[in-house]
Structure formats: structure tokens, C-alpha cells
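Undergrad: Here is a sequence together with a model predicted from it:
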Amino acid sequence: MDNIIEAFNIHKSFPLGNKEELHVLKGFDFKVPQGKLTILRGRSGSGKTTLLNILSALDKPTKGELYIDGENIIKMSEKQTEKFRRYKMGFVFQSVALVPIMSAYENVDFGLKLADYTGNRDARIKEVLRFVGLDKRMMHMPSQMSGGEQQRVAIARAVAHKPQILFADEPTGALDTSSGLAVVKLFKDLIEVDGVTIVMTTHDPNLCCFGDMIYEMDDGMLSDVTANFKN
Amino acid sequence: MLRFIAYKILNKKWLNASLLSGVILLTAFLCVYPMFREGSLNKLIQTLMGDHIETYGEFPATVNQSGKLLDAAYGDLATLQAYVDDIENSLKTDIGVTAVDCERIYTLVAGYVEPSFCDNARQVKIGHLPKLEEKANLLYGTWPKDVKANTDENVKKAIAANAIPVVMSQQMMNKYEFVVGESISYSVQYRGRQKEITLVVCGVVSENKDDSFFWFKDFDEYNTLLMVDETGFSELLKIYCEKGIFFDESIMIDYRELTCRNIEDVARRAIRMRSANADISNNFETTVRNYLENKKSITVILFTFEIPIVALLLLFLYMISGQILEMETTEIAMLKSRGISRIKIIGLYILQSSVISLIGLIPGIPLGYLFCKVGASTDAFLAFSIKDVSIYKFTFDMLLYALIAFGLSVLFMTIPVIPLSKFTITESKTRKIKVKDKSFWEKYYLDLPILVLSGYLLFNYNRQISSISDQLVNGGSIDPIIFLNSSVFILGCGLFALRLIHLIVRLIYAIGRKKWKPAEYVSFLQIIRNAKKQGFISVFLVMTIAMGVFNANLARSVNENMEQRVRYNTGSDMTITEKWKVSVIKAGDKMQWNYREPDYNRFEALKDVGVERYTRVIKDTNVNVTYKNKVTNDCTLLGINSKEFGETAELKDNLNDRHWYEYLNLLAENPNGIIISSNLAEKYELKVGDSINYARNEPVDRTNYSMSSNSNIIGIVDAFPGYETATYTTDAGGKVIAKPNYLIVASYSNVVKNFRLRPYELWMRFSDGAKSEDVIETLKAQGVDVLTSVCADDLVEEERNSAMLQITNGMFSVGFIISIIVCGVGFLIYWVLTIKDRELIYGIYRAMGLSMGEIVRMLIVEQVFSSLFAAVGGFGVGILTTFLFTRLISVVYLPKQHNLPIEVFFRADDSMKMIVAVTAVLIVCFIVIYRIIKKMNITKALKLGED
């Protein structure tokens, strides 16, 4: 099986002010298989969001190497990482983070514009919104939708431009159990239909059964790795 | 509770500091009103008193009591003096203002007397001024008390024959041709017999000019009075107590003590005294009446200038308070959800607002004091100079206005909490995420009725413009709506401009909808969908800039129109008249006055003090014009040397059909012809080529028009240097009416040929930097006895310092400074908060791959289409308001008819001041915003968003 992300000896520290540092990631290797759902699990403060930020090129490690799709991310300029994120990645956040002044349709359209989507934008928007089950509420504003619905629009926006990898930081954190399950099921469907690689963090043990690869994090280290591949 | 409030305030220290700055500015601006008003009114009183001195040549605030005493008891000087002393004391007590001096004169009527050296009898009075020796200078001879030292033989002889020594004024000497040594004898009835009285002139006196308070009447008025000393007067009293002793007691009150606080009370006392005793009079009732008329105008103008800025400041407080509360909605909703009543929540915020407002009062009052001093130092809009502004003083009314500021601040800071206090936590969250695309005014089209109302009012006022000016000329009070309507128009038009801007932005967005790059796409949607939130700052920008542009142009127009009118009326930079020597000769059976022209070459020295050109101009405002047996009195004749006049006088180009030099050329080619004013031509249906007769009166007998000239009309003008189309007079009913003034311009040589040589005016043209004081000094050094002088620069300066213009320039300048500060702070706060509010969304944009440059571009597009468009809209509204309202409002300042129509002045440097100020504010704001965004860390922003 090919790995789309490979990280080696990843360290991340944050300065604390009095010349001391907080060592959040304490040096470990990490791999993400292509076209699978990888789950980072751990308690709050275990370092999973920091790791996700580094994997998604939002942040740089203090030490270590990171390759995404064979390219060394650490050596890339800011402009290059921006491009990388723009075209190859999709993001879903815990706080939903739809643009409040845009309708569901416009939010997805914004994602497509950002990625310079060359195909028929209108058709694609409708397609992804239908996929997340919101084709009837395309013109609704975020304020007119429930938290679960908003997160589904965020997913539609994140995947509309067909990214290689989708990063999701606690995507179910702000949702009730059934909405959370619906989101994870949606992720599974995406993998099946578009072959997207998904990396998500969660602290919910109930969702781990859906992951193909489950990394357990504890105090900045990987404490356990479970592979759950069906084929 | 107070600790909790202190914690809350400190928790949002920058926002609360802005709120505090708003309260300080509001307090300061409200405190400017009473201080500026009081200072202006006091200044007005002093100006009117000065005008009285200039017009009547007398002390401007005197109370007088005169009477006749006919009683043997008053044959004793001590009894008489005690009686008049009582009157003096009672006048002083009743008027209640410190008397700077008192003038007392006792008069005895001598009747027609036979002087020793003159042929004819002269009518004289004998007077005794107790303080004469102290207040007058002896020019020739001796004082009566020193008469024994007099060397004049005639005096010696007369004194030896028991004549009573007297002194006389120079004016009497000139009028009656008396000399020292002149004996005056007459007889009066005394105890049933004729008693012979002989007086002898032993000296000539003049007033001591340093004692201007005492000589409140022009010394000319003593031209029939022979003045005796105490001894002589005591002697005469014994005789005159049977015939009648007249006394005249005048007390001069210290008019520097008259202020807006006591002047009306003093006037009331004076009227009461006059009504109670017909012998009592005063000379300042008209001045007080003028003051009261002006007071109304000053109060109205100041008040109407206050309103828009106060409204802007209240809007600012409301906006900032709203922003703070927006951030505290969860807190408020939490309190509400926990069962705390609305009243208690509102009470908490009232207390918080009171603490901030109370702190704001402390620096607000001294800042108001400073603003007033700064405002009083203006010469034009935003043009300051160092001048004496000590008349503007702290007043206790400022404390009252500070309290009003306190009340208003608390109210406007608390208003936004009223609707918020009703939401529970769930309602609050739903409300918070709602997209607010339209403001209240936009939704309900409030801009349109406001615009229609102000347009209707403007139309009506413009229709009544001549009756408004008539009313103002007659001392009517200013209609405040004239001023306020411009602010209402700015509001209506500003909102309408914003509506248009929103439509334009929507249109631009719609046109490129499919093609907009992500940054522009977000920006447009941000402007369109978030209009309500941005609405406040846009309204703020439009209002501030529009008001700034309008106020600058209005102040400029009023100043320039005033200056142009003053310069037009003066005709040149300076004019003077000189006292000429005159002799009377008999020509046939008539007396003829012959003037001797002083040496004209003396004026050459004026070139050393910056007088570039000068020319003689004969000006006579009492000329009769006859045409087909119809006579018009009081026309103005100008006798000019065309070439010199053209080089010296000034006239704007566009006032006549042709350049005025062409008319001067016509006069040079036809020295016997005349130029007349168009109103004279209209009156008699005259045209070029017609002939009219014009006549001048004799110098002393103004009714005797013995000299006249027939001349052909060679040109007809609407305007000419120094010629005003109307003069204003007061009719019997006290109504000020405009009387048409007609002009005839003839060549100097022709006027001299037809009417003989008479004193002329000297018109001068200055080079840059020349001053009237230097001119007067030089003239004095050349021995020129200057009778009158008028300097255009001095008059302009005087007008600029008049209460009305001072208020206009001062209030507009201070108001503009305040609105720029408020606009800057408001703008900065709005954007900093907006950026903070958008931190998560910017983090997401960055996470999605949007570059820093694109985020900045997003902000620039948003700024251009919201702030810049609003700023441009504000400029547009300001310019439109200028052209619609300036003429109308200028009438309030210049209500009189004039050859120069009121013009709208729009100067680029005024706009530049505005542009520089607004741009500086926008740049500072943008730098701050950019720094915030630059510092923004994506992961931190996302984290913050999650929190």
C-alpha cells in the first residue's frame, strides 16, 4: 500500500516566554496510506491537532522531515505551501467555519474559485451538495442551517475541487452523536467514490471503528497504531 | 459592584478608552457653546460701544440728569453743589455700575451780548465746570484764578474794572472770533433793577485728550460757552438764583464692566430711571437694542452649529457602545437566562456608562476651554492666528453643559443594551449569526422623505430670500431652520448616496459575478451582505466628510464674499481725506468758499511705505440729477483721473458688460462726458448719448445747489469701484430701508472746472505688506491733517473678528477637528474589531490556501468599495450642499443688497485639507489593520475560532 504522507522524527516545540519551551511533539515517524481514512485519536492536549497542522502544511515542525505525495514540504516556500493547500488539500474544522455571509451554494463556489476549478462549477456545486444531502437547501445561509448541516456544507466545500487529501480536525466535535456519525459515514463514502485520502482527529472512541488506520496519541508520542484495512 | 464594573471596563480597555474619548469630546464641544457664546456676546458689547464712539464721538455709556434751579437758597455754591452731589450719588447707586468719571456743568444764560472787539452781538452762555483746570489744557493766557498774572493789557484793565475772568474753547474762538482780552458786557434783572455784568476772556483752553472718559461730549459742543472759575461763578450765582441756574450731571459708567450677564439689567435700570424722572436720560439704550438683536442671531447660529457635531458624537457613542455590547451579548444573555431582570441588566450598564461619563467630564471641560480658545483664534476655516482671545473666559454655565453631556452620554451608551437585554442565550446566538444586509433607514427608505423635506424647505427659503434679507436687515432673528436644513439635507443626501453606492456595488458585483477572483468575490459579498454592520461607519464617513466640505466652503464663501464686498466698497486699498484750509470771499451778493489745495507732492513720500499708486478722487454723495424736470437727490459723483484711477482702484472683471477699463478709456477720450449707473439709466430710461444735468451744493449750505453741469452719457455701468447700489437708512418708524444709490462718474478736470476745487479723497493702491499705520504715520510726518481714513485690509480684519464670523470660522474649524478625530477613532475601532471578529474566517481562508497578498487585496477592495466610495460620496454630497445652500446661508451674514452678487467659493486648498486629513486617517487605519493581519497566525486563528 502506498503512503501519501510520510513524516520522520517529527518534533514540535512552542516557546513559553521565559526561555523555556513546551515540547508538544516528541519525535516519531508517521505515515498516511493513500485513499484511506486515517484517524488520530487522543485526549485533549495529546498533540493531535498540532500534528494535523504540520501534516496539512499549516505549520512547520521544529525538527523532522515531511513528504506529501513525494514532495518535501519543509523545504517549500510559503507560497508553494499555499499552492499545495489550495489545490491538493481540503479542510474541515471543528468550528464549522462556513463563510457566514455566503449561502451553502456560494460557500462551495468559493472553494472552487480558490482552487481555480476549470470544470462546470455550477454542476459540480450541485453534485457535491447532493452528495452531502443538501441539494434542497443550496440557497440557505449558514444561519438557517443546523450544526450538522453546516458541517456537511463544509465537507462539500472541502471536497468540491477534488483534493488529494482531506484534513478534518475534530469534525464531529461540535455535533451530536447522530450528526457526527453521519459526517464520518460521508467521509467513508468520499473515499469510496472519489478515492480521497482523509486524515481526521477525534477524541471520540466510538468513531475509531470507521478508521482504516488509527493512531493513538499520548503526551506528544504515538502510543498505539491499529491498521483496520478491509482489503 | 463598582469593582465588577471596573473589571468590565478594564477588560475592554481600548474600546472603553474610545468611548471615553467620545465623552470627552462631547463634553468639550458642549462646553464650547456657553464659553463661546458669552465671549462673543461680551465682544459684541465692546464692539457696539466702540461703534458708538466712532459714530457719535462721545462716551458710549453715560447717564445724565439735567435741571433748572430757581431758588435763593442756590445762590450759595456749597448748597448748589451739595444738591447736585446728591443727584450724582443717586445716579451712581441706581445704575449699579462703577462710574469711571462724572462731568458736571452749571450753565447760566447770558443771552445776546456785546463783545468789545466784534461788530455783532453774540449769543453766549456762562458755564462752570468744577474739574475744568484738571481736565483741560490752557493754550493761551491764564486761568481765571491766575488772572493777575495775565500780561494782556485789556485783561488787566477789565479786571481792574471788576470784570469776571473767563476762559473759552478754541472752537468758540474760531466761531465767534473772540480773542484774549475781549470784554463781554450785558445786563440782567437783579432784585428789581438792571445789573451790569462784565466778563473778560483771559485764556483759551482745549480738552485734555488723555482724559477721554471725562470729555464724553465732543469739545465742539462748548463753542458758545464762556467758562468761569469757582469764585466768578459764586459771584454770578447770587444774581442767577433769581433768573435760573441750569445744571447738567453726567456719569460715565465703566462699559468694560458691561457683560452679557449684566447689560440687560443695567439697561432695565436705566429705562426705569428715565421713566421715573423725565430729566434723566442715557445714551446706550439703542446700543443695548442692537445688542439684543445680535444676541439672538449669535445664539441661534452657535446653537445650530452645535447640533450636527453633537449628533455625530452621540452617533459615535452609540456605535462604540453597540460594538462593546455586541461582544458582551453572551454575557448579557447569560445574565438574562439566569433570571436577572431586564431592569437590573440595564441598571448595571447605566452605572457603567455613568462611571465612564463622569471620568470624561474631568478632561472634557478644560478641553472645551481649549477648543473655544482655538476656535476664537481662527481667521478662516482651519486658519489659525495668534490673537487676543482673553475675552473668552471660563463660565460656570460650562459645568451645566458638562452635566448635559454626562446625561446624553449615559443615555446613548445605554440605548443599545435595551434591545439586547431581552434575549436569552439561545435567542442571542440565533440573532448573532443572522446576516444583516440592510440598515433600518435603507429598509424603510427613510432617506427619501428626509431628502424631500429638506429640498422642499430649501425651495421655500430660496423663494423668500428677499424677505428673509429684509427681515434680517431690520434686526429680525435668524431662522435656525435655514442652518439646520443644510444638516438635514446632508443626512438625507448622504443616506441616499449610500443607497446609490450599495446599488453600484451590487451592480459591479453582478456584472463580474462569474469572473471575480476569490478575494474580490468575498469582498463584494462582505459589503453587500454585511451592509447593516458597515452602515454605521459609512454613514459616519459620509456625514463627516460632507459636513466638512460644506462647512469649509460655506466659511470660505462667507469670508470671501464679505472681503470682496468690503474691498469693493472701499474701491482701493486705502482712502483718506485731508483737512483743507478754506477762506470765504464775497462774489457779488453771495459768499463764496475758496479751498486751497495742499501740496500734492507730499504724497510722494507714501511710496516709501509701500503705496504703489495714488490718485485724487472727488467724491460727493449729495448731488442732484435733473432729467426732463425730474430731480433725484443724493446721487454720488465721482471725479476721477481715468488713467491714475484705473491703476489705483480695483474692480472684478465680470460685473459689467465690458471690462471697466473700457469705460475709463471712454472717459479719457470724452472728458466732458459722464458714466452713469444702470439703476439711474433705468429710472429715467436713459441711454448712451442722452444728456442730464447734475448739480452740487455749496459746501456750507447743503440745500443751495448753485452749481450744475450738463453732460452727455458716454457709458452705463452696473458696478464701479466704491459705488454701492443701495444705501440703508432708518425711516421714522425705525425700519431700515434700502434706498437706491445712483452714480455719476466724471473726469476730475471737468468736475473742478464746473464746481471749483474742493477737498478730494486720496485713493491708494498698496504693494504687498504695506500697512495703514505706516501710511498714516508718513502722512502725519508730511504735515497732512488726516480727517478720515478707510483701509480695506483693516475693515476686512475687523469684519473677520466680528462675533458672527468668529463663531462661524471657529465652530466650523473646531467641529471639523472633532469630527475628524471621531471619524478616525470610529473607523479604526470598527475595522480593528471587524478584523478580530473575522480572525477565524481569515485563518480558514489562509488554511484553504489564500495568500497573505490576497487577504490584503480582499481588504483593499472592501475599503475601496465601502470606505472610499463613502468618502467620495461624502465629497459629492458636500459639494452639492455647498452649491444648493451657500447662497441662502450667506444671506444671513450679508443680508444687504449689493453690486456684488453672493458667490460660492470652492477652493482646492480647503478640499486638500479635508483630503489630507481623511487620507491620513484612512492610511493610519489601514497600517494598523495590516499589522494585525500580518501578525495573524493561521493555526492560532483557527484555535481562537474554535474557542
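TA: Right, received. Where do you want to start?
Undergrad: How about the contacts made by B:Ile528?
TA: If you count contacts by C-beta atoms under 8 Å, 6 or more residues apart in numbering or on different chains, B:Ile528 has them with B:437, B:502, B:505-506, B:509. C-beta here means a position set from N, CA and C on the backbone, and glycine is covered the same way.
Undergrad: Repeat the analysis, applying 6 Å as the threshold.
TA: Applying C-beta atoms under 6 Å, 6 or more residues apart in numbering or on different chains, we find B:Ile528 in contact with B:Arg506.
Undergrad: I'd guess it is in a strand, am I close?
TA: No: assessed with DSSP: H, G, I helix; E, B strand; the rest coil, B:Ile528 is helix; it does not lie in a strand.
Undergrad: pLDDT score for it?
TA: At B:Ile528, the model reports a pLDDT of 85.
Undergrad: Over to B:Arg702?
TA: For B:Arg702, the predicted pLDDT is 52.
Undergrad: what does A:Lys63 give?
TA: Value for A:Lys63, per-residue pLDDT: 91.
Undergrad: for chain A, which spans come out with low pLDDT?
TA: The model of chain A has pLDDT under 70 over residues A:1, A:96, A:229-231.
Undergrad: Dihedrals phi and psi, A:Leu222?
TA: A:Leu222 adopts backbone torsions of phi -80, psi 120, taken as degrees, to the nearest 10.
Undergrad: so who does it touch?
TA: A:Leu222 makes contacts with A:28, A:215, as judged by C-beta under 6 Å, 6+ apart.
Undergrad: would you say B:Val109 is within a strand?
TA: Yes: counting by three-state DSSP, B:Val109 is located in a strand.
Undergrad: count of neighbours near it?
TA: Neighbours of B:Val109 under the rule other C-beta atoms under 10 Å in any protein chain shown: 15.
Undergrad: Residues in a beta bridge with it, which ones?
TA: The partner list for B:Val109 in beta bridges (DSSP bridges) reads B:Lys125.
Undergrad: any idea how far B:Val200 is from it?
TA: Note on B:Val109: its distance to B:Val200, by C-beta to C-beta, to the nearest Å, is 19 Å.
Undergrad: ditto for B:Ala17
TA: Taking C-beta to C-beta, one finds B:Ala17 at 86 Å from B:Val200.
Undergrad: In terms of neighbours, single out the busier of those two.
TA: B:Val200 (28 against 15).
Undergrad: isn't there a helix covering that one?
TA: No: remark: B:Val200 does not belong to a helix; assigned using three-state DSSP, it is strand.
Undergrad: So what pairs up with it in the strands?
TA: In beta-bridge terms (that is, DSSP bridges), B:Val200 pairs with B:Pro165, B:Ser183.
Undergrad: check contacts around it.
TA: Here B:Val200 is in contact with B:155, B:158, B:163, B:165, B:183 (C-beta under 6 Å, 6+ apart).
Undergrad: closest to B:Leu859 among those?
TA: Of all the contacts of B:Val200, B:Pro165 has the smallest distance to B:Leu859: 97.0 Å, by C-beta to C-beta.
Undergrad: Compute the number of surrounding residues for the closest one.
TA: Residues near B:Pro165, counting by other C-beta under 10 Å: 27.
Undergrad: right, and it touches B:Trp143 too?
TA: No: with contact defined as C-beta atoms under 6 Å, B:Pro165 and B:Trp143 do not form a contacting pair (8.3 Å).
Undergrad: Against B:Gly715, how distant is B:Ile197?
TA: 66 Å.
Undergrad: Next, give me the two most distant ones among the contacts of B:Val200.
TA: The largest separation in these, counting by C-beta to C-beta, is between B:Pro165 and B:Ser183 at 10.7 Å.
Undergrad: Where does the prediction get shaky in chain B?
TA: Along chain B, the parts satisfying pLDDT under 70 run over B:1, B:117-121, B:209-221, B:424-437, B:582-593, B:698-706, B:734, B:937-947.
Undergrad: residue nearest the centroid of chain A?
TA: Note on chain A: the residue nearest the mean C-alpha position is A:Phe167, at 1.1 Å, using C-alpha atoms, centre = their mean.
Undergrad: I figured it hits A:Ile198, correct?
TA: No: A:Phe167 is beyond contact range of A:Ile198, at 7.9 Å (criterion: C-beta under 6 Å).
Undergrad: mind listing the helices for the stretch 401-550 of chain B?
TA: With DSSP state H, counting those that start in this stretch as the criterion, the stretch 401-550 of chain B has helices at B:417-420, B:425-432, B:440-443, B:447-463, B:465-473, B:480-511, B:518-529, B:531-570.
Undergrad: Now distance to B:Val861 too, for these, in TSV please.
TA: Below are the helices of the stretch 401-550 of chain B laid out as TSV (distance: least, C-beta to C-beta, whole Å):
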stretch	distance to B:Val861
helix B:417-420	32
helix B:425-432	26
helix B:440-443	21
helix B:447-463	25
helix B:465-473	46
helix B:480-511	10
helix B:518-529	4
helix B:531-570	13
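Undergrad: Would you mind saying which of those helices lies nearest A:Asp189?
TA: helix B:518-529 (27.5 Å).
Undergrad: Next, the angle from that closest one to helix B:480-511.
TA: 140 degrees (axes from the mean of the first three to the mean of the last three C-alpha atoms, to 10 degrees).
Undergrad: now helix B:518-529 against helix B:531-570, angle please.
TA: Using the same axes, to 10 degrees: helix B:518-529 against helix B:531-570 is 80 degrees.
Undergrad: Distance from the chain centre to helix B:518-529, please.
TA: Here helix B:518-529 shows a centroid-to-chain-centroid distance of 51 Å under the convention C-alpha atoms, centre = their mean, to the nearest Å.
Undergrad: For the residue of chain A found nearest chain B, which non-adjacent residue is spatially closest?
TA: Going by C-beta to the nearest C-beta, chain B is nearest to A:Arg86 of chain A, at 2.7 Å. In this structure, A:Arg86 finds its nearest non-sequential neighbour in B:Gly849, 2.7 Å apart by C-beta to C-beta, 6 or more residues apart in numbering or on different chains.
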